[in-house]
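> coords please:
(one chain, ligands or ions: 2)
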Amino acid sequence: MSRESNNIAVLGQTLHQRVASSRVLMVGAGGIGCELLKNLVLSGFKNIEVVDLDTIDLSNLNRQFLFQKQHIKKSKAHVAKESALKFNPAANITSHHANIKDKEFSVEWFKGFDLVLNALDNLDARRHVNMMCLAADVPLIESGTTGYLGQAYVIKKDVTECFDCTPKVTPTTYPVCTIRSTPSAPIHCIVWAKSYLFNQLFGNSEEEEEEAYQKETSDENAQEIEALARETEELRKIKEAMGSDEYGKAVFDKIFTGDIQRLLSMEDMWKNRTPPTPLYYDELAATMQAQMTSDVNGLKDQHTWNVRECFDMFVDSLTRLSTRLLDAKKDNPTNILVFDKDDNDAMDFVTAASNLRSTIFKIERKSRFDVKSMAGNIIPAIATTNAVIAGIVVMQAYKILNGQLSQTKRTYLKQVTRRPGLLVLEANSEPQADCAVCRTRNIGLKIDIHHTTLQSLLNNVVTASTETGGLGMSEEVTILEGDRLLYDIEFDDNAEKTLDALALEDGKILNIKDDEVDDDTGVNLVLQHATSVTLKNGASFELSGPTRPAIMEPESLGKRKREEGDEMANHAKRAALGNGSVPAASTSQADNGVIDLDDDETAIDEDGRTVKVWVLEDD
Ligand SMILES: Nc1ncnc2c1ncn2[C@@H]1O[C@H](COP(=O)(O)OP(=O)(O)OP(=O)(O)O)[C@@H](O)[C@H]1O
Ligand SMILES: [Zn+2]
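Ligands and ions are numbered 1, 2, ... in the order given. The predicted structure is shown next:
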């Protein structure tokens, strides 16, 4: 049996055809992307474009199986394409070594795909693809993994929640006093060593101090903050001895003895907390010489150093880093060292310093491996998790091409579920009514960007009445491009500039909100440069899309979803036939266990939500 006939047996002729003729964009060729591209070419997808901006790194090879040692430093997109073609030479793959945010990837370009699959690792790029898919009205399958957890779900304009419908968690910050005075967890000591101490000793402490911590200005902390400022000043003086034999002891005495004694003298602070115990340089130096079992590489990295080992490593790494800094300053006095988790000296220093501090505060010490993952905010990437999620993405893609988009489920891979199996399915939510990203109308605007000023755009398009072909908004509008403010009633500096002078080229999206209308989610104008648009009213532009706000009732949304499914089915059928005709409905062959994600069993998940459960069965 050929691969083709296997696919037909599994999918049925109809779906197989739709898959083969669909055009798919995959964004990101990393952990999920490599698995996904391999799956796509093996499961019958033929027309695939891949975009990735990065080159292959040694650290990718443990899980990105399309890449091998000889590919290091080469483009991920190009190598992924070449390796995937070996699995199926009949596939037609186009690779782009580029940022998906580049202007060549315009809304028009996105419209050329039936499906977009995200395999990204950052919020910014995900947000961008989300917006482009909404503007182009192309279904997007979003996916992600963290360690053993993962998820995949479909985003479709007007049908499901978009990526930005729910706010995303931002990285945690810690109050300055927890870090500087009252740590209670290993991470507090690691942040102290990496963000405070490292910068104080080797960096631009004055500038960075402000940024490294969340500022606390309450009165009760004022006194403490003042004391901390004094400590910082003292350390600056000690730094003058950098490079001398006494330097290591001077730094140690200050940060692990003197500063701690001063903290202890603030008795109120320790009424309800375990007080710290200072460490003494001479005492530690007199203890038996450590057997330094801890090599910096390999499994030994996972052994937790004892106090003496931390002490030795602290003094040693401090010397190494100080020597580097002094050398760098010979070239240029403004040179500094910046913490990097992949810099062995920096990691030795942060591991030793944070563990000494943990010892003082009676907090558990951590291995160099753990400190590195915490200091670098690293959650290990697991190849199996990526593989499971990439598999689910293909299942979701089948459903979409089979005209069952509205029946797709948000699928989570969890470590523990109440039922057998590790996957938890949840119904898609409807778009959030107030989402500024997906509840905004997207309107294409063809206009000459070289000759149109922002003011003429305002006069002829934005505030012009709908009868004359404009948007009919009031004079009080705010115009943004991404986060960039271009215009509002109090800021008209850009009014006389042309669009191209404002870098508003093809594919850029202008978000325009009418400040006179309460809760206006505004419109997105998707720019397309055109020189020869002639208009009835003499202006030179052309709008395409819903120029009047749509009124959407909850019921009608449900109805839209069903129609959407039908439309998708027809679309896929047309694509399969390569012409406009619609064949007699034929989905029965696809109705076998392999792609049937529907299962009416429900359960309550850890967060108390009712969820559908899909149990993976062996047959
Ligand atoms: N704006 C973007 N345009 C194109 N590709 C992007 C963009 N942002 C991220 N990517 C790509 O998405 C992929 C995500 O893959 P993954 O999560 O495995 O990260 P990685 O960089 O390969 O690994 P790690 O970060 O763990 O070292 C990467 O290959 C990255 O280059
Ligand atoms: Zn949304």
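> Give me the spatial nearest neighbour of Ser43, chain neighbours excluded.
Spatial nearest neighbour of Ser43, excluding adjacent residues (CB to CB, 6 or more residues apart in numbering): Val394 at 5.6 Å. Heads up, the C-betas are built off the backbone N, CA and C, glycines and all.
> Angles on the backbone of that neighbour, please.
With angles defined as degrees, to the nearest 10, Val394 sits at phi -70, psi -40.
> so how far is Leu279 from it?
Here the criterion is CB to CB, to the nearest Å. By it, Val394 lies 56 Å from Leu279.
> Same question for Val10.
Plainly put, Val10 is 65 Å away from Leu279 if you go by CB to CB.
> more crowded one of the two?
Neighbour count, other CB atoms under 10 Å: between Val10 and Leu279, Leu279 has more, with 20 against 17.
> quick one on the thing from earlier: you'd agree the residue nearest to Ser43 is up against Leu40?
Yes. If you go by CB atoms under 8 Å, Val394 and Leu40 touch, sitting 6.8 Å apart.
> Compare neighbour counts for the two and give me the winner.
Leu40 (27 against 22).
> quick one: which helix or strand includes the more buried one?
Under the criterion DSSP states H and E, the helix or strand holding Leu40 is helix 31-42.
> Could you confirm whether that helix reaches ligand 1?
Yes. Helix 31-42 is in contact with ligand 1 by CB under 6 Å from any ligand atom, via 31, 33.
> Give me the next element, helix or strand, following that helix.
strand 47-52.
> Would you mark the buried spots in the helix or strand following that next one?
Following strand 47-52 in sequence order, the next helix or strand is helix 76-87 (DSSP H and E). Neighbour counts over helix 76-87 (16 or more other CB atoms under 10 Å) mark 76-81, 83-84 as buried.
> ok, the helix or strand just after helix 76-87: who's next to it in the sheet?
Going down the chain from helix 76-87, the next helix or strand is strand 92-97, by DSSP H and E. Sheet pairing of strand 92-97 (DSSP bridges) gives strand 47-52 (parallel).
> Mind listing residues that contact the strand it pairs with?
Strand 47-52 is contacted by residues 21-30, 33, 37, 40-41, 75-77, 80-81, 91-100, 105, 113 when judged by CB atoms under 8 Å, 6 or more residues apart in numbering.
> ok, now with 6 Å
By CB atoms under 6 Å, 6 or more residues apart in numbering, the residues outside strand 47-52 that reach it are 23-29, 40, 76-77, 80-81, 92-96, 98, 100.
> Just to be sure, Lys239 is in a helix?
Yes. Counting by DSSP: H, G, I helix; E, B strand; the rest coil, Lys239 is found in a helix.
> tally of neighbours for it?
Residues near Lys239, counting by other CB under 10 Å: 17.
> Name the nearest residue to it, ignoring sequence neighbours.
Counting by CB to CB, 6+ apart, Lys239 lies nearest to Leu201, which is 6.7 Å off, once chain neighbours are set aside.
> Roughly how far does the one you found sit from ligand 1?
Separation of Leu201 from ligand 1 (CB to the nearest ligand atom, to the nearest Å): 28 Å.
> For that residue, give me the pLDDT.
pLDDT for Leu201: 93.
> for the stretch 401-550 of the chain, what are the low-confidence residue spans?
The stretch 401-550 of the chain contains residues with pLDDT under 70 at 519, 532-540, 545-550.
> Within range of ligand 2, give me the residues from it.
With CB under 5 Å from the ion as the criterion, the stretch 401-550 of the chain comes near ligand 2 at residues 435, 437-438.
> Kindly write the ChimeraX command that selects the buried subset of the contacts of strand 47-52.
Per 16+ other CB under 10 Å, the buried members of the contacts of strand 47-52 correspond to this ChimeraX selection:
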select :23,24,25,26,27,28,29,40,76,77,80,81,93,95,96,100
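> give me every residue that touches the residue of the stretch 451-600 of the chain found nearest ligand 1.
Of all residues in the stretch 451-600 of the chain, Gly482 sits closest to ligand 1, at 13.8 Å by CB to the nearest ligand atom. Contacts of Gly482 were listed using CB under 6 Å, 6+ apart, and none were found.
> One more pass at 8 Å, please.
Gly482 neighbours (CB under 8 Å, 6+ apart): Ile509.
> neighbours around Lys330, how many?
Burial measure for Lys330: 8 neighbouring residues, criterion other CB under 10 Å.
> Tell me how far the closest residue in space to Lys409 that isn't next to it in sequence lies from ligand 1.
Leaving aside its chain neighbours, Lys409 sits nearest to Leu425 (4.0 Å; criterion: CB to CB, 6+ apart). According to CB to the nearest ligand atom, Leu425 stands 24 Å off from ligand 1.
> residues of whichever strand or helix holds Leu425 that come out buried?
Element membership of Leu425, judged by DSSP H and E, is strand 423-427. By 16+ other CB under 10 Å, the buried positions in strand 423-427 come out as 423-427.
> Let's have these in CSV, adding distance to Ala352.
Converted to CSV, these look like this (distance: CB to CB, whole Å):
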residue, distance to Ala352
Leu423, 43
Val424, 42
Leu425, 47
Glu426, 45
Ala427, 51
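> Now secondary structure and neighbour count too, for the residues of the stretch 401-550 of the chain next to ligand 2, in TSV please.
Putting these into TSV (DSSP: H, G, I helix; E, B strand; the rest coil; neighbours: other CB atoms under 10 Å) gives the following:
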residue	secondary structure	neighbour count
Cys435	coil	17
Val437	coil	18
Cys438	coil	24
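> and of the residues you listed, the nearest to Trp192?
Distance to Trp192, by CB to CB, is smallest for Val437 among those, at 37.8 Å.
> pretty sure that closest one is touching Met131, no?
Yes. Using CB under 8 Å, Val437 is in contact with Met131, at 6.1 Å.
> Overlap in contacts, these two.
Common neighbours of Val437 and Met131 are listed as Asp164 (criterion: CB under 8 Å, 6+ apart).
> So which residues on the protein come close to ligand 1?
Within the chain, the positions adjacent to ligand 1 are 27-31, 33, 51-54, 59-60, 76, 99-101, 120-122, 125, 381 by CB under 6 Å from any ligand atom.
> change it to 8 Å
By the rule CB under 8 Å from any ligand atom, the part of the chain lying against ligand 1 is 27-34, 51-54, 57, 59-60, 63-64, 76, 98-101, 119-122, 124-125, 128, 145, 378, 381, 386.
> Just the buried ones from these?
Neighbour-count burial (16+ other CB under 10 Å) applied to the residues of the chain next to ligand 1 gives 27-34, 51-53, 60, 63-64, 76, 100-101, 119-121, 125, 128, 145, 381, 386.
> Look at Ala241 and say how many residues are nearby.
The tally of other residues near Ala241 (other CB under 10 Å) stands at 15.
> contacting residues for it?
Neighbours of Ala241 in contact, by CB under 8 Å, 6+ apart: 247, 250.
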